[in-house]
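Novice: Need coordinates for the following:
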Amino acid sequence: MKIKKGDNVIVISGKDKGKTGHVLKALPSRDMIIVEGVNFKKVHEKPKKSGQKGQIVDKALPLHVSNVLIIDPKNHKGTRVGKKEVAGKMVRISRRSGAIL
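Specialist: Residues are numbered from 1 along each chain as shown. Modelled structure (predicted):
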């Protein structure tokens with residue numbers, strides 16, 4: 001999986017198409033990520049203690065990595081990710097501009 005926690009991404013499909021945000025959590029075993037401010041669902045929670053009321057909470061659900069693109073640091077548009085060896089280390093690069101991510 002080429003997208004990691006902390007990357008800036010843009011959603012390219014689904015109900016939140018065009019929204020951007022930071023990756024809060026990566027789930028590589030499922031090829032999914034959780035993005036800040038994207039793909040919310042209202043969840044009904046039961047009261048945790050006696051005397052407390054139940055509530056409705058917005059919960060961020062994961063998106064598949066194929067539905068997002070990393071934002072290029074040079075021109076702030078979505079880009080695919082490649083790999084390149086620099087000084088003996090493999091680094092991620094932007095396919096659009098060649099900048100190191």
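Novice: Show residues contacting the longest strand along the chain.
Specialist: Identified as the longest strand of the chain according to DSSP state E is strand 20-27. With C-beta atoms under 8 Å, 6 or more residues apart in numbering as the test, strand 20-27 has contacts from 1, 3-11, 33-38, 60, 62, 71. No exception for glycine: its C-beta is placed from N, CA and C like everyone else's.
Novice: Just the ones of these in strands?
Specialist: Checked against DSSP E, those include these in strands: 8-11, 33-35, 60, 71.
Novice: Flag whichever of the residues you listed scores worst on pLDDT.
Specialist: The lowest pLDDT within those belongs to Ala60, which sits at 91.
Novice: Quick check: closest non-adjacent residue to it.
Specialist: Among residues not flanking Ala60 along the chain, Ile34 sits closest, at 5.3 Å (C-beta to C-beta, 6 or more residues apart in numbering).
Novice: burial measure for that neighbour, as a count.
Specialist: 19 (other C-beta atoms under 10 Å).
Novice: Isn't it up against Val65?
Specialist: No: the pair Ile34 and Val65 does not pass the contact test of C-beta atoms under 8 Å, sitting 11.2 Å apart.
Novice: ok, back up a step: now for the ones in strands among the contacts of strand 20-27, which pair is the farthest apart?
Specialist: Ala60 and Ile71 (18.7 Å; C-beta to C-beta).
Novice: Neighbour count for those two, which is higher?
Specialist: Shown here are Ala60 and Ile71; by other C-beta under 10 Å, Ile71 has more neighbours (20 against 16).
Novice: who does the closest residue to the more buried one other than its chain neighbours bridge with?
Specialist: The shortest distance from Ile71 to any non-neighbouring residue, by C-beta to C-beta, 6+ apart, is to Asn8 (4.3 Å). Asn8 has these beta-bridge partners by DSSP bridges: His22.
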